[in-house]
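Undergrad: Next input, structure requested:
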Amino acid sequence: MKRTLFILTHVASGWEKLAEALERDQRVQVFNTGGGYHHPDDVHDLTDRIHRRNNSAAVWADVIQFNKDFTLKRLMQHYRIVVWTKEFEQCRDDLLRLGYGSEQAEHYYAYRLDGIKQYWMRRQTSLWNPDLEREDLLDAILG
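TA: A predicted model of the protein is given here:
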């Protein structure tokens, strides 16, 4: 099984900063596939992508921004996750600029955070908004 990392986040969270920090380690390549993960075979769609490191140290990562795109609750022990969020007040304007109505933005954010919390509760060893300056960022995430 190839090493896989899922970044659980939400729209307008600034997850790109986390991706940049992770990719400083050449073992990691972050894909933003927009795909969904509902069956273990779906993970193969990610790990079949060409990785800049073609060796056993490679880590494939994908960004998940919607609850509907990740339903592998029973398989969480096989995958690593890291959570990246912002407070609603910090991303409200960006959500509005992206076309969310005011009430829709609030509902999306609340619903998404509930979904993220459910996964985090299954993997409480996962990091939530890790310090991006950590020397051992990837090792801390992969545990």
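Undergrad: right, and the helix or strand after the lengthiest helix in the chain?
TA: Taking DSSP state H as the criterion, the chain has its longest helix at helix 102-122. Next in sequence after helix 102-122, counting helices and strands by DSSP states H and E, comes strand 127-128.
Undergrad: Show residues contacting that following strand.
TA: Outside strand 127-128, the residues that touch it by CB atoms under 8 Å, 6 or more residues apart in numbering are V82, V83, T85, W120, A140, I141. Glycine gets a C-beta too; all of them are placed from N, C-alpha and C.
Undergrad: and that strand, how far from the chain's centre?
TA: 10 Å (CA atoms, centre = their mean, to the nearest Å).
Undergrad: ok so, going back, what subset of the contacts of strand 127-128 is buried?
TA: V82, V83, T85, W120, I141 (16 or more other CB atoms under 10 Å).
Undergrad: Show me which pair in these is furthest apart.
TA: Farthest apart among these by CB to CB are T85 and I141. That separation is 15.3 Å.
Undergrad: coming back round to it: in helices, which of the contacts of strand 127-128 fall?
TA: Members of the contacts of strand 127-128 lying in helices (criterion: DSSP H): W120, A140, I141.
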